[in-house]
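Participant: coords please:
(2 chains)
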2 protein chains.
Amino acid sequence: VLESDTECPASGLCNRFVKGDIRDYETVLAFGRQVDVLTIEIEHVNLEALEELEREGKTVIPRPKALRIIRDKILQKEYYRGHSIPSPEFIVVKDRAELMSRADFLPAVQKIGMGGYDGRGVIVMREAADMEQGFDSPSVLEKLVDIDKELALIVAIGAGREESVYPPVEMVFDPVLNLLDYQICPAVLPEKIFWKVEAIALTVARNFDSPGLFAVELFTDKAGNVYVNETAPRVHNSGHHTIEAHYCSQYDMLMRILLGLPPGNTDMILPSLMLNLLGEPGHSGPADYVGLNDVLRIDNAFVHIYGKRETRPGRKMGHVTVLSREKQELLHQASVVKRTLKVQAKAT
Amino acid sequence: VLESDTECPASGLCNRFVKGDIRDYETVLAFGRQVDVLTIEIEHVNLEALEELEREGKTVIPRPKALRIIRDKILQKEYYRGHSIPSPEFIVVKDRAELMSRADFLPAVQKIGMGGYDGRGVIVMREAADMEQGFDSPSVLEKLVDIDKELALIVAIGAGREESVYPPVEMVFDPVLNLLDYQICPAVLPEKIFWKVEAIALTVARNFDSPGLFAVELFTDKAGNVYVNETAPRVHNSGHHTIEAHYCSQYDMLMRILLGLPPGNTDMILPSLMLNLLGEPGHSGPADYVGLNDVLRIDNAFVHIYGKRETRPGRKMGHVTVLSREKQELLHQASVVKRTLKVQAKAT
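Facilitator: Numbering: from 1, shown residues only, chains lettered A, B, ... in the order given. Model prediction:
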């Protein structure tokens, strides 16, 4: 593992840890030359180094040419258009001045071309005044969709281009009461929508011409349309439940792809619900997991603490997966977890 | 992790690996002084060092006084007798001369007092002539039981002495055809035997007066009697299936005990079958897993390769767990795994 933070969660879980900046060309090149196969856990790894390593004969998964498309929201949107993959209508704006001239396109979402991650780099713009806070750099301005459901689906492409598809998950948010947000698997979808979602996600993953895991996020609207929101070329938050709930977890699947082994079984063992553990608002500092012992006593809950030293408001500090055949039981336990377990800063 | 082999399976899975002899007093003492909590993965760790560390205030799980009983088969048998725990009738012999004088006790099993492990240190003696190959050291001579079933059951005792019991597993051997040996969970037992097995295993674990995981191996005979064979005070081969088949694996449970967290849920998610992957007879050297790709394609099989470099005849190199609600499906896939996957030495 190459990372600049020697206390990052992966540092104690690898055979060899190298401290270094993943954005630096020489660092990534030197690291890559010592290994047989490389993969990434975030899109911001130095791409030119990965390209050079691939030219030198190293196996890089996903292939740098797929990363080049995905890491830039503008190229990613053009990729969807080029492959007739339904995705919200968009225009490209090069800076804030151009953005401000396109109030006709609202309501819309501005997505920064390079450098966004995990909700950062995205602004919803309902009226012209919202544009003043817009990003002053090359971006996508995307029509706002009247979302019915938010879905995600992981496609695994093997070294021999074998295709495996995980069941779609549904992300559920409560923007009004903000009581609970979670992800449930499988998503409950009409049959026709289900097939559309699978076919679209497969088309997205297949055309990158690369082995790897591709997490495709999609929307549906009330009219039954399906749109691709974005794609991540790596293990993904929407696949955490696969650790316990599926025969082959997304991590096991990635290892199989990296090692050239046959694909695993994406089937569910049990339906599941997954909640992210986010740092509490107003809390920054050494993390304290208040209520942890109570949640560890829940019979069908699996608690994952990532071991990050410091919490910050909204930081992903872990997740909890609940397994049950009964949807009401999933929802009930999620609600118990959500009100019991809080990531706060330790009192000093 | 403290171990003398720097390429042992745990070496790449810990935050810090220390090379050293677990049987050496000074080595274990120096290692233990650097940590907060200690546990063991084999009974032959230097006991005097663990006792000293406990005196110095370190948490040692299981407690050295429990280890002292368990590591010596003579003390272990006397422990069962002292707590009225049913176990095959036995006598103690101090050397081969005394052994040879007790042919009246046959058929019996000689178990060496100290140093036996994983089937080593045990000889079945049906007639007087067998005694000539017997161990010439302090041993237990135990009456041979007419075994109906071999069972194992893991009891977890928490830091606060909370007791959790895993469902019993049945070990199935085929001594005649030697086609297949495996372990199935749950064991199918008459209700009365089931309660007896649980009550006996709990009595065994509870009286050690120590937190820890205790794997209790038992026999039943055709008359419905239950006997304790032996106990291991650690994670155990008979608990490997808990990784996928139970809510809380034996490893998760041990971590909870070490960290003083509440006990986990020992319930099954699905019935399971577990097969050890043993080194093929006649093969010694760098390991080659022939048929691995075929077994990785089985939808409900989980393959664990321990990463030991060298195979030897009968060496435990990994295991495979199969999950299914259907017993016939478990048996079918076990048979497929057994005839497909072989651990051989690489052709040189």
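Participant: Which pLDDT value goes with the residue lying closest to residue A:342 once chain neighbours are set aside?
Facilitator: Here the nearest residue to residue A:342 in space, its sequence neighbours aside, is residue A:290; by CB to CB, 6 or more residues apart in numbering or on different chains that works out to 4.5 Å. For glycine as for every other residue, the C-beta is placed from the backbone atoms N, C-alpha and C. The score at residue A:290 is 97. That number is its pLDDT.
Participant: With residue A:245 instead?
Facilitator: In this prediction, residue A:245 carries a pLDDT score of 98.
Participant: ok, and the closest non-adjacent residue to it?
Facilitator: Leaving out its chain neighbours, residue A:245 is closest to residue A:272 (CB to CB, 6+ apart), at 3.7 Å.
Participant: distance of the one you found from residue A:170?
Facilitator: Noted for residue A:272: a distance of 12 Å to residue A:170, by CB to CB, to the nearest Å.
Participant: and if you look at residue A:267?
Facilitator: Look at residue A:267 and residue A:170: by CB to CB, they are 18 Å apart.
Participant: Neighbour count: these two, which is higher?
Facilitator: Counted by other CB atoms under 10 Å in any protein chain shown, residue A:267 and residue A:170 do not tie: residue A:170 has more neighbours, with 18 against 13.
Participant: Please list all residues in contact with that one.
Facilitator: By CB atoms under 8 Å, 6 or more residues apart in numbering or on different chains, residue A:170 lies in contact with A:149-151, A:183-185, A:187-188.
Participant: go on, residue A:261?
Facilitator: With contacts defined as CB under 8 Å, 6+ apart, residue A:261 is in contact with A:255, B:292-293, B:296.
Participant: Can you report how many residues lie near residue A:289?
Facilitator: Burial of residue A:289 is recorded as 18 neighbouring residues (other CB under 10 Å).
Participant: for the spatially most central residue of chain A, what are its contacts?
Facilitator: Within chain A, the residue whose C-alpha comes closest to the C-alpha centroid is residue A:236; the distance, by CA atoms, centre = their mean, is 4.1 Å. Residues in contact with residue A:236, defined by CB under 8 Å, 6+ apart, are A:152, A:154, A:213, A:215, A:250.
Participant: State the pLDDT value of it.
Facilitator: Here the pLDDT value assigned to residue A:236 is 95.
Participant: From residue A:276, how far off is it?
Facilitator: 12 Å.
Participant: all strands of the stretch 101-250 of chain A, in order?
Facilitator: Counting by DSSP state E, counting those that start in this stretch, the stretch 101-250 of chain A has these strands, from start to end: A:108-112, A:122-125, A:139-143, A:147-157, A:163-165, A:169-172, A:182-185, A:212-221, A:226-232.
Participant: Let's have those in JSON lines, adding mean pLDDT.
Facilitator: As requested, the strands of the stretch 101-250 of chain A are arranged in JSON lines below (pLDDT from 0 to 100):
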{"stretch": "strand A:108-112", "mean pLDDT": "94"}
{"stretch": "strand A:122-125", "mean pLDDT": "92"}
{"stretch": "strand A:139-143", "mean pLDDT": "96"}
{"stretch": "strand A:147-157", "mean pLDDT": "96"}
{"stretch": "strand A:163-165", "mean pLDDT": "97"}
{"stretch": "strand A:169-172", "mean pLDDT": "95"}
{"stretch": "strand A:182-185", "mean pLDDT": "96"}
{"stretch": "strand A:212-221", "mean pLDDT": "97"}
{"stretch": "strand A:226-232", "mean pLDDT": "96"}
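Participant: Can you show me the helices along the stretch 151-300 of chain A?
Facilitator: Listed from the start of the chain, the stretch 151-300 of chain A has helices (DSSP state H, counting those that start in this stretch) covering A:191-206, A:242-245, A:250-259, A:292-296.
Participant: any idea which of those helices is most buried?
Facilitator: Mean neighbours per residue, mean count of other CB atoms under 10 Å in any protein chain shown, is largest over the helices of the stretch 151-300 of chain A for helix A:242-245, with a mean of 23.
Participant: which outside residues touch that helix?
Facilitator: Applying CB under 8 Å, 6+ apart, the external contacts of helix A:242-245 come out as A:154, A:166, A:185, A:248-251, A:253, A:266, A:268-272, A:302, A:304, A:321, A:323.
Participant: which parts of chain A sit against chain B?
Facilitator: A:12-15, A:247, A:256, A:261-262, A:264-265, A:267, A:269-270, A:292-293, A:296-297, A:299-300, A:302, A:323 (CB under 8 Å from any CB of the partner chain).
Participant: Can you find the residue of the stretch 51-200 of chain A that comes nearest to chain B?
Facilitator: Taking CB to the nearest CB as the measure, the point where the stretch 51-200 of chain A comes nearest chain B is residue A:162, at 10.4 Å.
Participant: Do you know the pLDDT at the residue nearest to that residue when sequence neighbours are not counted?
Facilitator: What sits nearest to residue A:162 in space, not counting adjacent residues and going by CB to CB, 6+ apart, is residue A:263, at 5.0 Å. pLDDT, the model's per-residue confidence, is 97 for residue A:263.
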